[in-house]
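Colleague: Sequence first, predicted coordinates after that:
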Amino acid sequence: MLNSKYFPRDEHFQRRHSSERDEEEADNEQHVPMNEMKRRPHLQVRGLCYHYRRPPSDSLHLLDNISIEARPGDILGILATTQREGTALLDILANRHQRRGFKVRGDLVLNGLTTTCADLAERVAYVQKDCNLCGDMTVRQTLLFTALLQAPGRPNRNVDTKGRIGALIHDLGLGPVRHSRVSTLNVSERRRLNVACHLLLDADVILLDQPTQGMDIFDTFFLVEYLRQWAERGRIVILTIHPPTYEVFTMLSRVALISSGRLMYSGRRREMLPYFAFIDFPCPAYKNPSDYYLDLVTLDDLTTEALLESSQRAEHLAETFRRRQEPLSDPGPPDTLPPKNKRANVGLQFAALWIRAMVFSFPANVQRWLSVFMTTTFMSIVLGSIFWQVRSSQSEQEDVNDRLALHYVVATVGVWPTLLLIITQVWNEKNSLARDVNDHLYGRFVYFLAEMSYSFVGAVGIFLAYLVPVYTLAGFYSAENVAIEIGYMMLYLFGVRAMAVAFCQLFSSRHYASAACGLVLSLVALSSGFVVQVQTMNMWTIYTRWASPLYWTLNSLQRLEFTNLTSIECNRNPLTRQEAPGLVLKIPCGVSNGAQALTYWAHDYDRLDVQFYPAILLVAAFWAFFILVQSVALLFRTPLRKMSRHKRALL
């Protein structure tokens, strides 16, 4: 948080500051540097309507006939009684508005040329109130990552990107935390960093939705003052703010007051008080005008009488302004539009995501990987201790059940803590992913491909740490088949991991994702033929084994283990006394070779010839199905996660 040295608080400064503000904005264009005079952005919004049609004929007007304009050097503050009205206006200007069921009418004029929302969005910078940045990177790395993916539209071969980043860090008071991880920043620092990421575009028009939400009065003063100075360089700043203090209110050059989707006032800030005084609604002395007039036009729904009185007053003010509103100024002869912002191509997006995952996220990425690695290793050692040397060189009949259970437990029980950690990690990244995608830093499909590629390496190490210790402690029955055995199980584990990630992308809550993952894993385990024998399944459940990847994995592993086993000992079988006197015989072995062991596990193993039913392809189909589910969830569903009410209030 910034200290008080940024904000002089003596009365002399406050009086001089407020008295000089009107003089500064009166000749605002004179403050534009000569090198900025070539850029003359002039934005007009004419008769903008944004409404939602309700069946059968009723409709909700979120914005109704909104007409505003801004010139170079203007900082336009949108004061709305509800946040969704101000946000909807900025969303339309940035082409981020919701289209399903909504209809937009009106004209957008930039530099005298009528343009569309999509065309305007390519030339503005939009700072949304979502500041869920990637928490693993530092402040400087976040700006470097943003600069890799987008750049100003004006060609300039001598642009010093690192110098601009350093200047923004210094100017926005982020110098003390430039090497701090984003996850350790407070709300004010995150919001200033979010603004800095979009100021890198150096756009002529910058839109900000609630940029000071959650910030204290001093940080709000500092940020708005910086934006005012940014606008004085020949740019336009449009922001929603609710409600500003008097000091912040005096920094605005233009104000648009909106209630129930209609304009109550739009024009210069210094003319706002005389206008309301002229229509017999003067601001009382020692009262903050922004607070007073927002309260004046807000609908009071506490009682029926209060709602009727406030709605009549708001209707009167809206009609009065509609009659008295002057037409928008003449935009002059058509001029060239500002250049479009530059966006990275698919290849650069892919490379930037790899750099973020491997370089910018260090050492947090290594710490997360080590936490999963140590958990899986611990579970592997525990399982290996339980199944200690069950596959020793001397094959015993009493170990057949344990050898069959080893693969089952490794594939179901022991992998569950790892799946929960994977779900948590994916869930933690969902909001930053949604923020980056909404800002058009990279595409959803590019992220899917990049995440699949760089997470594959880490997953291989984790699954090897899970399989090697448990099979080593349990004993290898054949040295030449070690790689094949681990390969079968690795393919199955990758399929289960894809299932966990897909459910995490599909659901907004990690609890729902964990429940769905547990349900599917339970069905896979029950239909594997180990817990419930195949011959005991009824006609409705017996066919589920064909879709169970664990059934085919166990089938392949047991065949690999028992097919070439010619003899199984039963040295500890009990003795029985025969009818002949003095004759004692040992009870014969129930499972004396590998073929009998396979029959003991599955009565139909002879009909399940791996040559005709390739297990690898069927398990790979399970993995490919959930990869497809994950990709569809990323492409067609907003990847947001649920947060607690306290965290939502902070952000």
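Modeller: Alright, I've got the coordinates.

Colleague: and Leu108, helix, strand or coil?
Modeller: strand (DSSP: H, G, I helix; E, B strand; the rest coil).

Colleague: burial measure for it, as a count.
Modeller: When neighbours are defined as other CB atoms under 10 Å, Leu108 has 18 of them. Quick note: C-beta positions are derived from backbone N, CA and C, even for glycine.

Colleague: Report the separation between it and Tyr50.
Modeller: From Leu108 over to Tyr50 the distance is 13 Å, taken as CB to CB, to the nearest Å.

Colleague: cool, and Trp552?
Modeller: 54 Å.

Colleague: Comparing the two, which shows the higher neighbour count?
Modeller: Taking neighbours as other CB under 10 Å, Trp552 and Tyr50 compare with Trp552 leading, 27 against 23.

Colleague: May I ask which helix or strand encompasses the residue nearest the centre of the chain?
Modeller: In the chain, the residue lying closest to the centroid (CA atoms, centre = their mean) is Asn431, at 2.5 Å. Using DSSP states H and E, Asn431 maps to helix 430-438.

Colleague: And for His316?
Modeller: Using DSSP H and E, His316 falls in helix 304-324.

Colleague: And for Leu133?
Modeller: Counting by DSSP H and E, Leu133 is part of no helix or strand.

Colleague: Now the closest residue to it other than its chain neighbours: phi and psi?
Modeller: Using CB to CB, 6 or more residues apart in numbering and skipping the chain neighbours, the partner closest in space to Leu133 is Val182 (4.8 Å). Dihedral angles phi and psi of Val182 (degrees, to the nearest 10) take the values phi -60, psi -30.

Colleague: returning to what we had before: what's the distance between the helix holding His316 and the middle of its chain?
Modeller: The chain centre lies 41 Å from the centre of helix 304-324; the measure is CA atoms, centre = their mean, to the nearest Å.

Colleague: repeat for stretch 624-642
Modeller: 12 Å.

Colleague: Kindly report the same for stretch 454-466.
Modeller: Centroid separation for stretch 454-466 versus its chain: 24 Å, with CA atoms, centre = their mean.

Colleague: pLDDT averaged over it - what is it?
Modeller: Throughout stretch 454-466, pLDDT has a mean value of 93.

Colleague: and if you look at stretch 350-362?
Modeller: Averaged across stretch 350-362, pLDDT comes to 94.

Colleague: for the stretch 101-250 of the chain, what spans make up the helices?
Modeller: 117-121, 139-149, 161-171, 187-199, 217-231, 246-249 (DSSP state H, counting those that start in this stretch).

Colleague: Out of these, which is closest to Glu271?
Modeller: With CB to CB as the measure, helix 246-249 is the member of those nearest Glu271 (13.6 Å).

Colleague: Quick check: next helix or strand after that closest one?
Modeller: strand 254-259.

Colleague: State the paired neighbours of that following strand in the sheet, together with their directions.
Modeller: Paired with strand 254-259 in the same sheet, following DSSP bridges, are strand 75-80 (parallel), strand 262-268 (antiparallel).

Colleague: do you know which of those lies nearest Ala474?
Modeller: Across the strands paired with strand 254-259, closest to Ala474 is strand 75-80 (CB to CB), at 66.4 Å.

Colleague: isn't His51 right up against His61?
Modeller: Yes. With contact defined as CB atoms under 8 Å, His51 and His61 form a contacting pair (4.4 Å).

Colleague: So, low pLDDT: which residues of the stretch 351-500 of the chain?
Modeller: Along the stretch 351-500 of the chain, the parts satisfying pLDDT under 70 run over 393-399, 477-480.

Colleague: just to revisit the earlier point, packing partners of the helix holding Asn431?
Modeller: Counting contacts by 3 or more CB pairs under 8 Å, 6 or more residues apart in numbering; DSSP states H and E, helix 430-438 is packed against helix 444-474.

Colleague: tell me how far the helix it packs on is from the chain's mean position?
Modeller: When distances are taken as CA atoms, centre = their mean, helix 444-474 is centred 22 Å away from the chain's centroid.

Colleague: That helix: which residues count as buried?
Modeller: Using 16 or more other CB atoms under 10 Å as the test for burial, helix 444-474 gives 444, 446-451, 455, 458-459, 462-467, 469-471, 473-474.

Colleague: Who are the packing partners of the next helix or strand after that helix?
Modeller: Using DSSP H and E, the helix or strand that follows helix 444-474 towards the C-terminus is helix 482-506. Packing partners of helix 482-506 (3+ CB pairs under 8 Å, 6+ apart): helix 400-412, helix 416-428, helix 444-474, helix 510-526, helix 549-562, helix 615-636.

Colleague: Would you tell me which of the ones you listed gets closest to Ser260?
Modeller: Proximity to Ser260, assessed across the helices and strands packed on helix 482-506 by CB to CB, is greatest for helix 615-636 (34.1 Å).

Colleague: what's the average pLDDT for that closest one?
Modeller: Rounded mean pLDDT across helix 615-636 is 88.

Colleague: which residues are in contact with stretch 321-337?
Modeller: 40, 42, 44, 46, 65, 67, 69, 109-113, 115, 119, 123, 263-267, 275, 279 (CB atoms under 8 Å, 6 or more residues apart in numbering).
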